[in-house]
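Trainee: Predicted model, plus sequence, below.
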Amino acid sequence: METDCTRLPAGTRLLHIGPHKTGTTSIQGALFAAKDQLPAYGVEFPAHTRHPMEAALAACARPAMMGDTVPTDRHWTKLLEQVGATGKRTSVVSSEFFADAEDDATIARIVELLGGDRVHILVTLRPLAKIMPSQWQQYVQNGLRMGYEDWLTHMLRKAPYEQPNPSFWRRHRHDRLIERWARVVGPERVTVVVMPSPNSTEETQADARTIAGNLGVDLIEISIAEAMKAYDHALEPAFDDTETGLAEENIQARIRGNLIMALSNKFNWLVLTTGNKSELSVGYATLYGDMAGGFAVIKDVFKLLVYRLVRWRNEKEGRELIPASVLERPPSAELRPDQLDEDSLPPYEVLDRILEAYVERDEGVEALVAEGLPEETVMEVVRLVDRAEYKRRQAPPGIRVSNKAFGRDRRLPITNRFGSMRVLPR
C-alpha cells in the first residue's frame, strides 16, 4: 500500500517501538520487503535485516533472547551508523524491544543518539484480549507448563511483575508505555489551535488556554468571526427568504476545518480530530468540519468514558490538568447561543448505555426496552446510528480500544436507503 509520507518533515527519524504482539513482525517484514522501493518516496529503511533486534536490546541494556546472538554495543553503534548514513532523508527503524527501555534516561539516550528533535515515535496498539492468547502461546514455546486459563488467572488476578515473565505488564501497560516516551520526546511537538466564534463562550475559550498552559504546549488562536461574516455575505443571495438553521451552524465547523488543514499543510502537522464514539455513532459531527484531520484519537471511546479518563488523568497528575469546569459544564458544540447537546440528543448517561448495547453487543430494541430504557428513545438512537454510516466511512482512522469499533468490526450498507428502510433489530 502506498502511503503519503509528506506529513512528516524530510529527515525525520521515525522510530517504531512496538510494543510486542502488536503486528510488529508484519510491519518489519513489509518495510524490509519494500526496502528498495522506499527511497523513491524519500524514505530509507537503514537496517540490513528485517529486525535489528540485537541493536535494540543493546540500546536498552537487555539480555539476548533464548538461543539468540548476545547483543553488544557494536550492534547498536552499527545501527546508529546506518541511520546516520541516510543524511537528510527520512528513515524508519522498527523494533518492539525499544518498548523495554527501563526508564526515562534510557529513552532519552536512545532518542538523542538517533537524532534528537528529528525523532518521531510510532506506537502500534492491539487490544489486550488479542495479545493474551498470542503471548501465552509464545511462552509455551519457550517452556511454560501452564494451561491458558490457569495462566490468565495468574496474570490477571495476581499482582503484576510475578512469574512467568516479569516484563509482561511493563510491555503491555500501553498507556504507561506511551506516557514514558511522550514525556521524553516532549510537549514542544504538540500545538493546540483555538478558533473562537461569536457563539463561543468566554469559559470554553479560557479552559482551552488553561489546558494548553497546563500541558506546556504551544497555542495558536484564530478568530473565525470575520470568516463567518464573509460566508454569510457570500451565501446571502442563495439563502434569501430561508430560516437560519443547520447549514449556518455547520459553516462554523467547516471554517475551522479549512483553517486547521491549512496549518497542517503549511507545517506538516498531523491534525487530531476531536470526535468521540458517542458523537460518531449518531452522526453528531460535521463532515469537512470537526471530522477534518488525519487521526481520530478518541473515535472508539464513548463520551462518558472520555470524562472518566480525564478524571483519572487529573487524579494521577495530582492537580486539575483539565479544568473541572470542562466536566461540569453541560456539553455543547456551541453552534448557536445557549445551544446544548441535549437539544438534539438524549442525555449521555442514556445515550452511551444504548450505544454500548446496540453497537458493541448487538442487542436489539426489545432487549434494551426490557432493561428499562424508553422505546421511543431507543428506536431514535438506533435510526441515528444506521443513518450516520455514510459519515463514518469518511472519518479518519483512529485507535481501536473496544471489542467492536466502527469500520472493519461493524459496517452497514450506505446505498438503497438501507438506514431508513430496514426493519429495526428487535
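Mentor: On my side now, so go ahead.

Trainee: What separation is there between Ile17 and Ile121?
Mentor: Distance of Ile17 to Ile121, given as CB to CB, to the nearest Å: 6 Å. The C-beta positions use only the backbone N, C-alpha and C, and glycine is treated the same way.

Trainee: same thing with Phe267?
Mentor: 19 Å.

Trainee: what touches both of Ile17 and Ile121?
Mentor: Trp181 (CB atoms under 8 Å, 6 or more residues apart in numbering).

Trainee: ok, those two, which is more surrounded?
Mentor: Each of Ile17 and Ile121 has its neighbours counted (other CB atoms under 10 Å); Ile17 has more, 25 against 18.

Trainee: That one touches Glu96, doesn't it?
Mentor: Yes - counting by CB atoms under 8 Å, Ile17 does reach Glu96; the two are 7.1 Å apart.

Trainee: Just give me the residue closest to the centre of this structure.
Mentor: Centroid check for the chain by CA atoms, centre = their mean gives Val297 as the closest residue, at 2.7 Å.

Trainee: Quick check, that one in contact with Gly275.
Mentor: No - using CB under 8 Å as the test, Val297 is too far from Gly275 to be in contact (9.5 Å).

Trainee: Glu203: neighbouring residues, count only.
Mentor: Neighbouring residues of Glu203 were enumerated by other CB under 10 Å; the total is 12.

Trainee: Isn't it up against Arg329?
Mentor: Yes - the pair Glu203 and Arg329 qualifies as a contact (CB under 8 Å) at a distance of 6.8 Å.

Trainee: and Thr191, how many neighbours?
Mentor: Around Thr191 there are 14 residues (other CB under 10 Å).

Trainee: which residue sits closest to it, ignoring its sequence neighbours?
Mentor: Excluding its sequence neighbours, the residue lying closest to Thr191 (CB to CB, 6 or more residues apart in numbering) is Asp218, at 4.5 Å.

Trainee: List the buried residues in stretch 263-282.
Mentor: Of all the residues in stretch 263-282, those buried under the rule 16 or more other CB atoms under 10 Å are Ser264, Trp269, Val271, Thr273, Gly275, Asn276, Lys277, Ser278, Glu279, Leu280, Ser281, Val282.

Trainee: Next, work out how far apart Lys404 and Arg361 are.
Mentor: According to CB to CB, Lys404 stands 8 Å off from Arg361.

Trainee: more neighbours, those two?
Mentor: When Lys404 and Arg361 are compared for neighbours, Lys404 comes out ahead with 15 against 10, by other CB under 10 Å.

Trainee: Contact partners for the more buried one?
Mentor: Val359, Glu360, Arg410.

Trainee: what are the phi and psi values for it?
Mentor: Dihedral pair for Lys404: phi -150, psi 110, per degrees, to the nearest 10.

Trainee: what domains does the record give for this structure?
Mentor: Domain assignment for the chain by automatic domain parsing gives 13-126, 190-421.

Trainee: can I get those in TSV with distance to Leu177 and mean pLDDT?
Mentor: Listed next are those as TSV, based on distance: least, CB to CB, whole Å; pLDDT from 0 to 100:
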stretch	distance to Leu177	mean pLDDT
domain 13-126	6	90
domain 190-421	14	89
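
Trainee: Of all the ones you listed, which one comes closest to Ala182?
Mentor: domain 13-126 (7.5 Å; CB to CB).

Trainee: Is the closest residue in space to Arg311 that isn't next to it in sequence part of a helix or strand, or is it coil?
Mentor: In space, and not counting its chain neighbours, Arg311 is closest to Leu327: 6.9 Å by CB to CB, 6+ apart. Following DSSP: H, G, I helix; E, B strand; the rest coil, Leu327 is assigned to helix.

Trainee: Neighbours of Leu327, how many?
Mentor: 15.

Trainee: go on, the one 3 residues further on?
Mentor: When neighbours are defined as other CB under 10 Å, Pro330 has 8 of them.

Trainee: circling back to that earlier point, got a list of what the residue nearest to Arg311 touches?
Mentor: Contacts of Leu327 (CB under 8 Å, 6+ apart): Tyr307, Val310, Arg311.

Trainee: Sitting in strands, which of the contacts of Lys404 do you find?
Mentor: Assigned to strands by DSSP state E, none of these qualify.

Trainee: Give me the subset of those residues that lies in helices.
Mentor: Among the contacts of Lys404, none falls in helices (DSSP state H).
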